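> need coordinates for the below:
(chains A and B)
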Amino acid sequence: AQKVTQAQTEISVVEKEDVTLDCVYETRDTTYYLFWYKQPPSGELVFLIRRNSFDEQNEISGRYSWNFQKSTSSFNFTITASQVVDSAVYFCALSEAQTGGKLIFGQGTELSVKP
Amino acid sequence: ETGVTQTPRHLVMGMTNKKSLKCEQHLGHNAMYWYKQSAKKPLELMFVYNFKEQTENNSVPSRFSPECPNSSHLFLHLHTLQPEDSALYLCASSPLGGVSGNTIYFGEGSWLTVV
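Sure, this is the predicted structure:
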């Protein structure tokens, strides 16, 4: 069965610290996609990244980076030099070919960056 | 500026009221979705529309009635709701429904309180 686990419910850091948000997934499908979304207090889920199961290259976008490891079924997200504006709830999600693209979300990690 | 807009952003309604949530997407997508986000729970998919046709109803109670007049607009009609229906209702769209790997874009959500 498909499942996404974000074991960290809440994380609190001080500005400029690096922080890693963990995401572990379960799937029997060989073709799948992984996503990260950011949800600020306003409520909107903001799309951050999509990776497919055949591309294990890590990705960097500014202060954001993602580490995809199929061997451990993990897709972790690191924010370097965190800022107060990074405070939000972050969701990891899984979409499988066999289930018609439905997004399965993790429980979310609430990140609080203090000045 | 988000490509998916929702109105109203906040709604308080009594259990006997009838109200509607509106969603409009400006992304040229063909699939639209309603998600429910309750406190301390993962996002729940409610309905999926693909080219105006409903393709998924995730066992949603009939007091929630969706309507999709065209690929750009989606409504959620609310009638005789319960206090436990209080939640953030998120509309979303994607290029196609039922296809793995489609990135789903979300609106800012409508915060609903049932009193």
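> how near is the residue nearest to residue A:44 when sequence neighbours are not counted to residue B:64?
Closest residue to residue A:44 apart from its sequence neighbours, by Cβ to Cβ, 6 or more residues apart in numbering or on different chains: residue B:108 at 4.0 Å. C-betas here are computed from N, CA, C, even on glycine. Applying Cβ to Cβ, to the nearest Å, the value for residue B:108 to residue B:64 is 20 Å.
> what of residue B:42?
18 Å.
> what does residue A:18 give?
42 Å.
> of the two, who's got more company?
Set residue A:18 next to residue B:64 and count neighbours by other Cβ atoms under 10 Å in any protein chain shown: residue B:64 wins out with 19 against 12.
> pLDDT wise, what is that one at?
If you check residue B:64, the pLDDT there is 97.
> wait, isn't it in contact with residue B:75?
No. Using Cβ atoms under 8 Å, residue B:64 is not in contact with residue B:75; the gap is 10.8 Å.
> near chain B, which residues of chain A show up?
A:31-33, A:35, A:37, A:42-47, A:50, A:52, A:91, A:95-103, A:105-108 (Cβ under 8 Å from any Cβ of the partner chain).
> beta partners of the residue nearest the centre of chain B?
Nearest to the mean C-alpha position of chain B, counting by Cα atoms, centre = their mean, stands residue B:34 at 2.7 Å. Taking DSSP bridges as the rule, residue B:34 bridges to residue B:47, residue B:91.
> state the pLDDT value of it.
For residue B:34, the model assigns a pLDDT of 97.
> would you enumerate the residues in contact with it?
B:23, B:45-47, B:66, B:74, B:76, B:89-92 (Cβ atoms under 8 Å, 6 or more residues apart in numbering or on different chains).
> kindly recompute the last result at 7 Å.
Counting by Cβ atoms under 7 Å, 6 or more residues apart in numbering or on different chains, residue B:34 touches B:46-47, B:66, B:74, B:76, B:89, B:91.
> do the same with residue B:30
B:50-51, B:71, B:95-96.
> rerun that using 6 Å as the cut-off
Residues counted as contacts of residue B:30 (Cβ atoms under 6 Å, 6 or more residues apart in numbering or on different chains) are B:51, B:71, B:96.
> of the residues you listed, grab the buried ones for ChimeraX.
Buried members of those, defined by 16 or more other Cβ atoms under 10 Å in any protein chain shown, are picked up in ChimeraX with:
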select /B:71
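> now the residues of chain A next to chain B: which count as buried?
A:32-33, A:35, A:37, A:43-46, A:50, A:91, A:95-97, A:99-103, A:105-108.
> from those residues, which ones fall inside strands?
Using DSSP state E, the subset of those located in strands is A:32-33, A:35, A:37, A:46, A:50, A:91, A:95-96, A:103, A:105.
> can you give the contact residues for stretch B:64-74?
By Cβ under 6 Å, 6+ apart, stretch B:64-74 touches B:23-25, B:30, B:32, B:47, B:49, B:52, B:75-77, B:91.
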